[in-house]
Structure formats: C-alpha cells, structure tokens
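**Q** Okay, sequence plus prediction incoming.
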Amino acid sequence: MPTSRARQIYVGAGLVFLILHSLPFAIWAMHSGALLLISPDMSENRFYTPGGTVINLAIFAHMSLGALLMVFVPLQFWPGLRARFGAYHRWSGRMLCLGSALVGLAGLAYIFVRGTIGGFWMDIGFGIYGVLVCLSAGQAIRYARKRDFAVHRRWALRVLVLTFGSWLYRLHYGVWYFFTEGLASTPEFDGTFDLVQNFAFYLPYLLVLELWLRREARTA
C-alpha cells in the first residue's frame, strides 16, 4: 500500500496529467463557444441557430463553462486543499457545481430545441448525460450542506468523471479513427460505433468509479 505522501503525489500527478491532456480541447471549446457571440459569419458553425438568440447563448454557456470546468473541477481534488483552504474549497465547489448544472441544463435545452446531429439515439444518450451532470452537481451540494462529506465526495467524484465526458467522446473518436480509419462510423453519426459512442463516453467510466467506490467502502 502506498504511503499517504506517495498517494498525494500520485493523485496530484494524475490531476495534472488530466488537465494538461484535456487542455487543447478545453481551449477549442472556449474558442468555439466565443465565436457564437462575436463572429459576424456563422454560416460555417453547425452549432449556430439563425435568429435563436436564447439557444445560441445556451450553447455558448454549455461550451465555454464546460471548458472552464475541465480546468477547475480537478483542482477541487488537489491533495490537502480542503484541509488547508477550506473556505476556498467550499465557495469554489458551490460555483463549480452551479456551473456544472448550468452546462447540463444548457445542453439539454439545445437538444430539446435543435436536436443533435446524430438524431434520436444521440438525443437520448446525450440527454441522459445532461441529466446525470445536473443530478450529480445538485447532490454534491446537497450533501455538503448536510455535512455528510463521505456521500458528498462520492457525488463530487461523479461530477469529476462527467466533466470530462465531451473530451472523452472526442478522444474515443480520435483513437478509433487512428486504428480503424473510421470503421462503422458515418458522417450522419448513425454507424454502429457512433451508436455505441452515444453512451460509451460516460457510462463505462461511471461504472468503473462505482466499482472503485464499492471496493473502497469494503476495505475502509
């Protein structure tokens, strides 16, 4: 078993690795979200809805806030942060959970108004994802307010996993296309791989987390 100090080093290194590897995507998402508001020509932006000011603001919030969350949510788990900087952890946690809920709600609003490029099954998969983001963020705040920090931590970890869903979705595609040149994937996102991807960018990771949490509880 690693010592407490070694465990802190492993956790810190893992968080840095996660942030740095997802940072290019976070920058792209922030840039793409900003273009929805500042670019004079939206004809090439598939997220833009002509005349849809509210839904354009929603997808801007979804993409831009989501990008920020990928940088700041992992920092909430930095070893020793809660013990040393309790007030920062509490207030930033509230803001990040609120931001996560807004990201989820904005994504759900976009799906409801515009639908996804992949149609029904992508709507369902991404819709469930959005609901889980909102649920996890709400439960994390709820149990923190109840001072049940063990349960709060479990929900916060679910928020962490879900925060990186969009990045993992694209990472899966990058790896798949590299090795198979896009086998079972279509431009309409209705191939077998595409259909699996509608759920595979978050459900397997949540399952792994749940198994780890159960194992942790048994060995505590």
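**A** Everything's here; your move.

**Q** For the residue nearest the centre of the chain, give me its contacts.
**A** Closest residue to the average C-alpha location of the chain: T163 at 2.0 Å, with C-alpha atoms, centre = their mean. Shown in contact with T163 (C-beta atoms under 8 Å, 6 or more residues apart in numbering): 66, 69-70, 73-74, 100. Yep, even glycine has a C-beta here, placed from its N, CA and C like the rest.

**Q** repeat for T49
**A** By C-beta under 8 Å, 6+ apart, the neighbours of T49 are 55-56, 59, 113-114.

**Q** State the distance from the residue nearest to the centre of the chain to G104.
**A** Look at T163 and G104: by C-beta to C-beta, to the nearest Å, they are 11 Å apart.

**Q** Output the lowest mean pLDDT helix or strand found in the protein.
**A** Here the helix or strand of the chain ranked lowest by mean pLDDT, DSSP states H and E is helix 81-84, holding a mean of 84.

**Q** now whatever helix or strand comes next after it: mean pLDDT?
**A** Going down the chain from helix 81-84, the next helix or strand is helix 86-113, by DSSP states H and E. Averaged over helix 86-113, pLDDT sits at 95.

**Q** Could you tell me which ranges of this protein sit under the pLDDT cut-off?
**A** Applying pLDDT under 70 to the chain picks out residues 1-3, 36-45, 220.

**Q** can you map out the helices along it?
**A** Shown for the chain, the helices assigned by DSSP state H span residues 4-38, 53-72, 81-84, 86-113, 120-145, 149-163, 165-180, 192-200, 203-219.

**Q** Mind giving me the packing neighbours of the fifth one?
**A** Secondary-structure packing of helix 120-145 (3 or more C-beta pairs under 8 Å, 6 or more residues apart in numbering; DSSP states H and E): helix 86-113, helix 149-163, helix 192-200.

**Q** Many thanks, have a good one.
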